[in-house]
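In: Structure here, sequence nowhere to be found:
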């Protein structure tokens, strides 16, 4: 059964849903009928051996809002929770993707964030990825749901799992609302670039680190893109190069990922997907495709082809298999020949 928090989140999602279809690969299905889809899914679930093809083709080709309506129609028609019914008959990675598709985006991101801090060690790159690429509204929803779902705050888990500069950066990303100011202040751009140079790569004490992180976590992306350009004129190398030279290990990876996400979000996700595909990190591959399919996956596909010379579709087709491959390809949309 869906939790009360999940039901509340579903209602809020339906009320606030604004699809970003310009660069989406999953778009509103035409002539949509939630009752008809619920009936088709029940037949697929009840079929001998389960009809995975119907489940994949339906859920991967409906928007999240449409999936929530299907789940409601299924509950009303059959008195059962659709996620639980699918959980009972599916297995492996196909089950993981399917159940993820049926969660609202906020709930999906909340569990994804929790997973970065589960078990031994922290997946700092995925932690920073999630926190740095969500909007202020999305971040607020995640932090609210996190406390309800896991009986602790995001900050509690970060403080427990991370230490040192990585902890400071992650806490700042979790707590700070990024500026949404679109008007550029060139005096402030110059000041911030100098802070990153004088108290950033050359930072010597905690106060410099705090200033460094405050800029990266709190300024608007548009502002920071200009700051990074100004930084290059100050020291004749790109900010990412300085970070790679002056920081190490998990801290370096976190900073570099954050800066790349700010500079060009689709290109950043193209790189993250390539790392997931080549490194067989199926959870990261799953998470990114589900979370970006209604946002900017088309733009990510373009960047992937540009950067790696092959299409994202063909890379997934080559490196994955079975029903997991089929559902990922459905979310990807099509090949970029």
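Out: Yep, it's here. The model shown is predicted, which means the values in this text are computed figures rather than measured ones.
In: Could you give me the buried positions within the helix or strand hosting residue 44?
Out: Per DSSP states H and E, residue 44 falls inside helix 34-46. Across helix 34-46, burial judged by 16 or more other Cβ atoms under 10 Å covers 34, 37, 38, 39, 40, 41, 42, 44, 45. For every residue, glycine as well, the C-beta is placed using N, CA and C.
In: and of those residues, the nearest to residue 207?
Out: Closest to residue 207 out of the buried residues of helix 34-46 is residue 34 (55.8 Å), distances taken as Cβ to Cβ.
In: That closest one and residue 290, how far apart?
Out: Using Cβ to Cβ, to the nearest Å, we find residue 34 at a distance of 20 Å from residue 290.
In: again, but for residue 39
Out: 25 Å.
In: Likewise for residue 135?
Out: The value you get for residue 135 to residue 290, if Cβ to Cβ is used, is 17 Å.
In: Those two: which is more packed in?
Out: More neighbours surround residue 290 than the other of residue 135 and residue 290, with 25 against 11 (other Cβ atoms under 10 Å).
In: low pLDDT regions in the stretch 201-337 of the chain?
Out: 201-204 (pLDDT under 70).
In: Tell me the backbone dihedrals of residue 220, please.
Out: Note on residue 220: backbone dihedrals following degrees, to the nearest 10 are phi -70, psi 160.
In: Is it in contact with residue 178, as I believe?
Out: Yes. Using Cβ atoms under 8 Å, residue 220 is in contact with residue 178, at 6.4 Å.
In: Compare neighbour counts for those two and give me the winner.
Out: Between residue 220 and residue 178, counted using other Cβ under 10 Å, the more crowded position is residue 178 (20 against 16).
In: If you count neighbours, what's buried in the strand or helix carrying residue 100?
Out: Take DSSP H and E as the rule and residue 100 turns out to sit in helix 92-102. By neighbour count with 16+ other Cβ under 10 Å, helix 92-102 contains the buried residues 93, 94, 95, 96, 97, 98, 99, 100, 101, 102.
In: Give me the helices and strands touching that helix, please.
Out: helix 52-59, helix 64-78, helix 82-89, helix 282-292, helix 322-332 (3 or more Cβ pairs under 8 Å, 6 or more residues apart in numbering; DSSP states H and E).
In: let's go with 10 Å and repeat that
Out: In this structure, helix 92-102 packs against helix 52-59, helix 64-78, helix 82-89, helix 105-115, helix 282-292, helix 322-332, with contacts taken as 3 or more Cβ pairs under 10 Å, 6 or more residues apart in numbering; DSSP states H and E.
In: So for residue 207, which of those sits nearest?
Out: helix 105-115 (29.0 Å).
In: the inter-axis angle of that closest one versus helix 282-292?
Out: With axes from the mean of the first three to the mean of the last three Cα atoms, to 10 degrees defining the directions, helix 105-115 sits at 160 degrees from helix 282-292.
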